[in-house]
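J.: Got a sequence here, can you build the structure:
(chains A and B)
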Amino acid sequence: AQSVTQLDSQVPVFEEAPVELRCNYSSSVSVYLFWYVQYPNQGLQLLLKYLSGSTLVESINGFEAEFNKSQTSFHLRKPSVHISDTAEYFCAVSRTSGTYKYIFGTGTRLKVLA
Amino acid sequence: DTAVSQTPKYLVTQMGNDKSIKCEQNLGHDTMYWYKQDSKKFLKIMFSYNNKELIINETVPNRFSPKSPDKAHLNLHINSLELGDSAVYFCASSQVRSSGGSTDTQYFGPGTRLTVL
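T.: Next up, the predicted model:
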């Protein structure tokens, strides 16, 4: 079975400061990794995903995440946050075969302060 | 055009009632999902259909019954509603490869906030 741990339930950070949202996973089989973002009163949207190849993946709005197999982590980073980045961020894993199911972490609320 | 739409957006009802939530996607995807997000934002899959066939059925009470009349629609019917059913229910869809595994993005609807009084 797979599991996802997001250690921080809330992360307050000042505008233009860097941020890291942590995600660790557990799985006995190979997985794909995802970060989704949920803005207030909206559904989830894909931010970025790691399937294979380069372990560093980037999104179009300045976020990046690095897959670290030895540490079973997929932390999300942004060098300079904006007020508009305030949202809930979910890490998720999916097995590479045999099922279509995502396992989501419990989410991290990023609050960007002016 | 909205990719994944859900109706209603809000649903307030009494315990014991039966209610339905509808979901439609216009992305041409083969696979649709229902998720439940509780008050602590924990998101858990309930069901998944691929080409109208049930492929994931988590440990959900049988008061919950999904129905997929065609691959663009996945409705959720809930009988005998209980207080603990209060949550936000999200529909999602994706294009899944026949080999299994989910590499493709899941597209989520805006959610239906269900409140059981």
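J.: What residues of stretch B:10-29 count as buried?
T.: Neighbour-count burial for stretch B:10-29, counted by 16 or more other C-beta atoms under 10 Å in any protein chain shown, picks out B:Leu11, B:Thr13, B:Lys19, B:Ile21, B:Lys22, B:Cys23, B:Glu24, B:Gln25, B:His29. Placement of C-beta: from N, CA and C, glycine included.
J.: so, in contact with chain A or not, that stretch?
T.: No - using C-beta under 8 Å from any C-beta of the partner chain, stretch B:10-29 stays clear of chain A, with a minimum separation of 10.6 Å.
J.: Flag the shaky bits of the chain, pLDDT-wise.
T.: Assuming you mean chain A. Low-confidence segments of chain A, defined by pLDDT under 70: A:98-100.
J.: meant chain B actually
T.: Along chain B, the parts satisfying pLDDT under 70 run over B:1, B:97-103.
J.: residue in it nearest to chain A?
T.: B:Phe108 (3.3 Å; C-beta to the nearest C-beta).
J.: if I look at that residue, how far off is A:Phe34?
T.: As judged by C-beta to C-beta, to the nearest Å, B:Phe108 and A:Phe34 stand 12 Å apart.
J.: do the same with A:Glu15
T.: 26 Å.
J.: Those two: which is more packed in?
T.: Per other C-beta atoms under 10 Å in any protein chain shown, whichever of A:Glu15 and A:Phe34 has more neighbours is A:Phe34, with 28 against 14.
J.: and the more buried one, how far is that from B:Pro66?
T.: Here A:Phe34 is placed at a distance of 23 Å from B:Pro66 (C-beta to C-beta).
J.: just A:Ile103 next, same as before
T.: Here A:Ile103 is placed at a distance of 20 Å from B:Pro66 (C-beta to C-beta).
J.: Tell me the secondary structure at residue 54.
T.: If you meant another chain, say so; for now it's chain A. coil (DSSP: H, G, I helix; E, B strand; the rest coil).
J.: Chain B, not that one
T.: Criterion first, three-state DSSP; result for B:Leu54: strand.
J.: pretty sure B:Lys67 is touching B:Ile78, no?
T.: No - the criterion here is C-beta atoms under 8 Å, and B:Lys67 misses it with B:Ile78 at 11.7 Å.
J.: more neighbours, these two?
T.: B:Ile78 (22 against 14).
J.: got a list of what that one touches?
T.: B:Asp18, B:Lys19, B:Ser20, B:Ile21, B:Arg63, B:Phe64, B:Ser65, B:Asp85, B:Leu114 (C-beta atoms under 8 Å, 6 or more residues apart in numbering or on different chains).
J.: how does it look with 10 Å?
T.: B:11, B:13, B:17-21, B:60-61, B:63-65, B:85, B:89, B:114, B:116 (C-beta atoms under 10 Å, 6 or more residues apart in numbering or on different chains).
J.: same check, this time on B:Thr115
T.: Here B:Thr115 is in contact with B:Tyr10, B:Leu11, B:Val12, B:Thr13, B:Leu81, B:Leu83, B:Asp85, B:Ser86, B:Ala87 (C-beta under 10 Å, 6+ apart).
J.: for the last one, phi and psi?
T.: It stands for B:Ala87. phi -180, psi 180 (degrees, to the nearest 10).
J.: Surely it and B:Ile21 touch.
T.: No - the criterion here is C-beta atoms under 10 Å, and B:Ala87 misses it with B:Ile21 at 11.2 Å.
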